[in-house]
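Enquirer: Output the structure for:
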Amino acid sequence: MENHYEYRHVVGFEETNIVGNVYYVNYLRWQGRCREMFLKYQAPEVLTDLQGDLKLFTLKVDCEFFAEITAFDEVSIRMRLVDLAQTQLEFSFDYVRLDPDGFETLVARGRQRVACMRGPNTRTAPARVPESLVRALAPYKPENRSEAGRAL
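Expert: Residues are numbered from 1 along each chain as shown. Predicted coordinates for the structure are as follows:
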């Protein structure tokens with residue numbers, strides 16, 4: 001089993017700046033999209049819970065860039081679980097350009113810290129990470145990865 005959840009994306013013109021490189025905010029958007037697709041396909045019970053009083057607040061997000069990507073590049077966003085606490089989660093994201101010849105290039109790396117909260121919008125309080133999400137994340141826990149699996 002892979003040690004990451006993968007979301008693939010083909011870069012569009014609207015995601016690039018005037019020079020033709022991907023605008024940095026899109027890397028952050030792709031982190032959110034990867035997390036959403038993980039919930040949709042791996043933890044659909046959490047989506048139902050989000051329609052109730054569960055809220056997932058992004059506390060911190062960052063991204064470090066190593067190489068440029070442009071329109072029509074195919075990118076694999078690979079999400080890994082870094083930390084699972086009682087009320088918070090932390091993910092890492094590797095952004096890998098997939099070249100047509102099969103070569104892969106790490107173009108960026110990011111992180112995201114998320115807090116679980118419950119209650120009405122005016123009175124939310126920290127809440128435990130839902131058990132259904134803990135189960136869905138189990139294969140991606142750091143101790144389930146070998147040393148070789150930690151590197152790209």
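
Enquirer: Quick check, Ala108 in contact with Trp30.
Expert: No - at 9.5 Å, Ala108 does not count as touching Trp30 under the criterion of Cβ atoms under 8 Å. The C-beta positions use only the backbone N, C-alpha and C, and glycine is treated the same way.

Enquirer: shared neighbours, these two?
Expert: Here Ala108 and Trp30 share the contacting residues Tyr95, scored by Cβ atoms under 8 Å, 6 or more residues apart in numbering.

Enquirer: where exactly do the strands run in the chain?
Expert: For the chain, the strands defined by DSSP state E occupy 5-10, 54-65, 74-84, 88-98, 104-118, 125-126.

Enquirer: So for Glu143, which of those sits nearest?
Expert: Nearest to Glu143 among the strands of the chain is strand 74-84; the distance by Cβ to Cβ comes to 10.2 Å.

Enquirer: on that earlier part again, I'd like the strands of the chain as a markdown table, with mean pLDDT and mean neighbour count appended.
Expert: Listed next are the strands of the chain as a markdown table, based on pLDDT from 0 to 100; neighbours: other Cβ atoms under 10 Å:
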| stretch | mean pLDDT | mean neighbour count |
| --- | --- | --- |
| strand 5-10 | 98 | 16 |
| strand 54-65 | 96 | 14 |
| strand 74-84 | 97 | 19 |
| strand 88-98 | 98 | 20 |
| strand 104-118 | 97 | 18 |
| strand 125-126 | 94 | 10 |
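
Enquirer: Kind regards, and thank you for your time.
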